[in-house]
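> Structure here, sequence nowhere to be found:
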């Protein structure tokens, strides 16, 4: 499957706002799929971070006052964490919001397709970049072994080398696998 076919499968209407209540903390991430031989970009967060330390995640973070909407948040956070500049028109769609169970964030995931990415520049929120071969990675889906959230319905994990991807990131990846299967 080519980048164009992936793009066709994952192009959805973008509505970068979520209704909130006082208990909800809003965040967004950018799922970057790139390269002729498609890869997906993920980051490993430093173990010292207050939220999600040591976890594998997509670039992103919580909304701030200067962001016009959650898409602005995803683009800003991706630039800060990776050095990649993404324009709004390069974002092809969004997935359903995902809530983190431990930290209480509601995360709106956006998807963008890039032909290539230039040199990655980490900030203090990035311990390591993972450029993961897209299709082999999606095939590592395990539907029932989320080590931290085995009390919920959506328990998924993915693996890449010695990294286990679980929780909110795995639930986002599961949405992608479902959409690609429905092609």
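Good, I have the coordinates. Just so you know, these numbers come straight off a predicted model, no measurement behind them.
> Counting neighbours, what do you get for residue 162?
Other residues within reach of residue 162 by the criterion other CB atoms under 10 Å amount to 5. Just so you know, the C-beta spots here come from the backbone N, C-alpha and C atoms, and that holds for glycine as well.
> how close does it sit to residue 86?
Relative to residue 86, residue 162 is positioned 29 Å away (CB to CB, to the nearest Å).
> ok, now residue 168?
Residue 168 is 20 Å from residue 86, by CB to CB.
> Between these two, which has more neighbouring residues?
In this comparison of residue 168 against residue 86, neighbours counted by other CB under 10 Å, the higher total goes to residue 168 at 27 against 21.
> host element of that one?
With elements taken from DSSP states H and E, the one containing residue 168 is helix 167-181.
> where's that helix relative to the chain centroid, distance-wise?
Using CA atoms, centre = their mean, to the nearest Å, the mean C-alpha position of helix 167-181 is found 10 Å from that of the whole chain.
> List the buried residues of it.
The neighbour-count check on helix 167-181 (16 or more other CB atoms under 10 Å) flags 167, 168, 169, 170, 171, 172, 173, 174, 175, 176, 179, 180 as buried.
> Residues contacting that helix, please?
Outside of helix 167-181, the residues within contact range by CB atoms under 8 Å, 6 or more residues apart in numbering are 1, 6, 9-10, 29, 31, 42, 55-58, 95-96, 98-101, 105, 107, 109, 111, 138, 141, 146, 148-149, 154, 156-158, 165.
> what ranges do the helices span in the protein?
Listed in chain order, the helices of the chain (DSSP state H) span 3-10, 70-82, 134-138, 167-181.
> Tell me which of those approaches residue 126 most closely.
helix 70-82 (5.2 Å; CB to CB).
> Touching that closest one from outside, list them.
For helix 70-82, the external contacting residues (CB under 8 Å, 6+ apart) are 14, 16-18, 26-30, 32, 41, 43, 59-64, 66-67, 84-88, 91, 94, 108, 110, 117, 120-123, 125-126, 129.
> Thanks a lot, catch you later.
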